[in-house]
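Sequence and predicted model, in that order:
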Amino acid sequence: MKKTVLITGIKRIGGYICEYLLSKGYNVSAAYRRSNDYLRYVNNESLFLIRADLSDSDTYKEVVDKTWERFGRIDAFIHLASPYCRTPWDKITKESLYDHFRPITEAFLFISKYCADYMLKNEGDVKGRIIAFGDWAVTNTPYKGYVSYFVSKGALHTAVKVLAKELAPYILVNCIALGPVLKAEGMSEEEWKGLLKRTPLRRKVPLEDIGLLVDYLLRVEGMTGEIINLDSGRHIAGSGI
């Protein structure tokens, strides 16, 4: 039976991972917030699209149950959903914090919980895998102006370690902490080039590298609770601000 992966967040990097996993023979259940031109014309019986706003906690169990109903099993959960909005310290509000925290951290925690209930029905010593997407700067040098984002991503990193203990030995939980991959919306080309120059490898992280690391984490049996930097070395250079 084909293995099934649930992905949350397919607008940018998640869209590539979705395609990559389909090419590797997985069933993919993809939760997205807004209509996505990239996936609109995909005609693949192994792909199941679920429209869901992960800032609404009522959707968490729904996306998991719908995935199970469609494919009859869940082998992995990959969480990419993540707003990235500038929130300077003097402008932070409770609303701006929770606009980030709910889809980044709360959704990860509870979707993992509901997925785990189904994963434990699987055969084998390793019954499931969970992969979160974090940020290299959380555990190194967070930069100014993104308070809500970094507080939420920091909680996500902690949740990965907590769940790795809670779900052992049957479900492995790891995190990929990304650096520069795609130019952020609203960032100028000059700013993007300047950022890459401050990165030790002086280049962005290739999407292909992300696919390879995801593939590894979906196969490895002896790793859990890890935060893996995939950032062209930026964690050793720092943010510079």
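Nice, I can see it. Since the structure is predicted, the reported quantities are computational estimates derived from the model, not experimental observations. Numbering: from 1, shown residues only.

quick one, helices of the chain?
Applying DSSP state H to the chain gives helices spanning 13-23, 37-40, 59-71, 94-101, 107-119, 147-166, 189-197, 207-217.

is Ala31 in a bridge, and if so with what?
Thr8, Ile50 (DSSP bridges).

what residue lies at the spatial centre of the protein?
Leu80 (2.4 Å; CA atoms, centre = their mean).

With distance to Asn140, mean neighbour count and mean pLDDT added, can I get the helices of the chain in JSON lines?
Bear in mind the C-beta positions are built from the backbone N, C-alpha and C, glycine included. Below are these laid out as JSON lines (distance: least, CB to CB, whole Å; neighbours: other CB atoms under 10 Å; pLDDT from 0 to 100):
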{"stretch": "helix 13-23", "distance to Asn140": "20", "mean neighbour count": "20", "mean pLDDT": "93"}
{"stretch": "helix 37-40", "distance to Asn140": "31", "mean neighbour count": "12", "mean pLDDT": "53"}
{"stretch": "helix 59-71", "distance to Asn140": "30", "mean neighbour count": "19", "mean pLDDT": "97"}
{"stretch": "helix 94-101", "distance to Asn140": "19", "mean neighbour count": "16", "mean pLDDT": "91"}
{"stretch": "helix 107-119", "distance to Asn140": "21", "mean neighbour count": "21", "mean pLDDT": "98"}
{"stretch": "helix 147-166", "distance to Asn140": "11", "mean neighbour count": "20", "mean pLDDT": "96"}
{"stretch": "helix 189-197", "distance to Asn140": "15", "mean neighbour count": "12", "mean pLDDT": "88"}
{"stretch": "helix 207-217", "distance to Asn140": "18", "mean neighbour count": "17", "mean pLDDT": "97"}
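
Which one, of these, ends up nearest to Trp136?
Trp136 sits nearest to helix 147-166 of all those, at 10.0 Å, using CB to CB.

And the contacts of the closest one?
Residues outside helix 147-166 that contact it (CB atoms under 8 Å, 6 or more residues apart in numbering) are 82-85, 87-89, 92, 96-97, 99-101, 104-105, 108-109, 112, 130, 132, 134-135, 137-139, 142, 171-175, 177, 224-225, 227.

Drop anything exposed from these.
Neighbour counting with 16 or more other CB atoms under 10 Å marks 82-83, 87, 96-97, 99-101, 104-105, 108, 112, 130, 132, 134-135, 137-138, 142, 171-175, 177, 224, 227 as buried within those.
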